[in-house]
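> Got a sequence here, can you build the structure:
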Amino acid sequence: MTDIVRYRVTGMDCASCAAKIERAVRSAGVDDLSVSTASQILTLNVARSDKRLSGVEAAVSKAGYHLTPIEPESGSAETMRPTHMTAGYRWALWIVIGLNVGYGLIEMIGGFLAGSQALKADALDFLGDGLITLFGVLAIGWSLAWRARSALVQGVFLGGLGMGVIGSTIYRVFTAQQIEAGLMGTLAFVALAVNVAAALVLIPHRAGDANVRAVWLFSRNDALGNVAVVLAAGLVAWSGSSWPDLAVAFAIAGLFLHSSWVIVRDALNDMRAPTDN
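A predicted model of the protein is given here:
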């Protein structure tokens, strides 16, 4: 008999993460599945007694993500079993939220002061990470329907921010503005330090090797963006041209807009699907 088995996914924040999880599940022999970046839920159309589930959990863990079963209760309601969400871990997540949102706002202001579109795009990435983590903390225990509705609002909001950065960058292409390369590089180095600090806060509260891997993936991806901004600042100082800054801004904002679009798409799919409300 086919059933619906759901897992809360820890460590998934973008379309590429969802693709990795899907490949991991298929490698365990389960092909009837869906992965939502909006609600951060993995849905499998298999019997709850299916022996392949243990293989799915192992494969996803090896890929670098943590699965928490969503157990059915009376009626149609389903609830989370947030076994990894201890008080200490929840507090650590709030610190990470503060670091990401706080520095995101600082870097956005710094982007305007330095005239750097790359800094603004990187600030958008910080704000996005902070909001996604905030959503993960607040939505523990919510029904799939409410998680989808909240994710839709989040995706639209983040998409609006991304479009703002793209529009502003296009405007800068046709408008000459001097970029403060020194300030740009300094803020990018501080951004790298903030990402390292966020990783250090989370590591003591990891729930097994999967979350260690997730922390590494987040830190690596964010650090690559910071390094790109630092390199762009160096190229701006060396060439006297704003094009390196604009190119990095387009790249970061474009990737962020893609993730925002995936969140909105998945949220709409989740809202149309039968839910426990």
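> Going by C-alpha atoms from here, please, whenever you check contacts or count neighbours.
Will do.
> so where's the stretch 51-200 of the chain uncertain?
72-86, 136, 139-144, 176 (pLDDT under 70).
> where do the helices sit along it?
52-63, 87-114, 117-138, 144-173, 181-202 (DSSP state H, counting those that start in this stretch).
> what's the closest of those to Pro244?
When the helices of the stretch 51-200 of the chain are compared by CA to CA, helix 117-138 sits nearest Pro244, at 8.8 Å.
> what's the offset of the closest one from the middle of its chain?
A distance of 8 Å separates the centroid of the chain from that of helix 117-138, by CA atoms, centre = their mean, to the nearest Å.
> and the angle for it with helix 87-114?
Helix 117-138 runs at 160 degrees relative to helix 87-114, counting by axes from the mean of the first three to the mean of the last three CA atoms, to 10 degrees.
> counting contacts, what elements does helix 117-138 pack onto?
helix 87-114, helix 144-173, helix 181-202, helix 209-239, helix 243-272 (3 or more CA pairs under 8 Å, 6 or more residues apart in numbering; DSSP states H and E).
> Would you mind putting those helices into a markdown table with distance to Ala47 and mean neighbour count alongside?
Listed next are the helices and strands packed on helix 117-138 as a markdown table, based on distance: least, CA to CA, whole Å; neighbours: other CA atoms under 10 Å:
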| stretch | distance to Ala47 | mean neighbour count |
| --- | --- | --- |
| helix 87-114 | 32 | 19 |
| helix 144-173 | 20 | 19 |
| helix 181-202 | 34 | 19 |
| helix 209-239 | 25 | 19 |
| helix 243-272 | 21 | 20 |
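> Which of those helices sits closest to Leu134?
Taking the helices and strands packed on helix 117-138 one by one with CA to CA, helix 87-114 is closest: 6.3 Å.
> Need the helices of the stretch 51-200 of the chain in a markdown table (columns: distance to Asp32).
Listed next are the helices of the stretch 51-200 of the chain as a markdown table, based on distance: least, CA to CA, whole Å:
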| stretch | distance to Asp32 |
| --- | --- |
| helix 52-63 | 12 |
| helix 87-114 | 33 |
| helix 117-138 | 25 |
| helix 144-173 | 19 |
| helix 181-202 | 33 |
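> quick one: which of those is nearest Met12?
Closest to Met12 of the helices of the stretch 51-200 of the chain is helix 117-138 (CA to CA; 9.6 Å).
> Pull out the buried positions in that closest one.
117-137 (16 or more other CA atoms under 10 Å).
> Report the contact partners of Gln154.
Leu131 (CA atoms under 8 Å, 6 or more residues apart in numbering).
> A strand includes Val30, no?
No. Assigned with DSSP: H, G, I helix; E, B strand; the rest coil, Val30 falls outside any strand and is coil.
> quick one: it and Arg52 touch, right?
Yes. Between Val30 and Arg52 there is a contact under CA atoms under 8 Å: 7.4 Å.
> Now do the phi/psi pair for Thr43.
phi -110, psi 130 (degrees, to the nearest 10).
> how far away is the closest residue to it other than its chain neighbours from Asp266?
Nearest residue to Thr43, sequence neighbours excluded (CA to CA, 6 or more residues apart in numbering): Arg6, at 4.5 Å. Per CA to CA, to the nearest Å, Arg6 is found 15 Å from Asp266.
> of all the helices of the stretch 51-200 of the chain, which lies closest to Val248?
helix 117-138 (5.5 Å).
> CA atoms of stretch 53-72 as CSV?
Taking Å, rounded to 0.1, in the frame of the first residue of the first chain, the C-alpha atoms of stretch 53-72 are listed here in CSV:
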residue,chain,number,x,y,z
LEU,A,53,13.3,4.5,4.0
SER,A,54,16.4,3.8,6.1
GLY,A,55,18.4,3.9,2.9
VAL,A,56,16.8,7.2,2.0
GLU,A,57,17.8,8.7,5.4
ALA,A,58,21.3,7.4,5.0
ALA,A,59,21.7,8.7,1.5
VAL,A,60,20.4,12.1,2.3
SER,A,61,22.6,12.3,5.4
LYS,A,62,25.6,11.3,3.3
ALA,A,63,24.7,14.1,0.9
GLY,A,64,25.0,16.6,3.7
TYR,A,65,21.4,17.2,5.0
HIS,A,66,19.5,16.1,8.1
LEU,A,67,16.0,14.6,7.9
THR,A,68,13.4,14.8,10.7
PRO,A,69,10.3,12.6,10.3
ILE,A,70,6.9,14.2,10.3
GLU,A,71,4.8,11.7,12.2
PRO,A,72,1.0,11.3,11.6
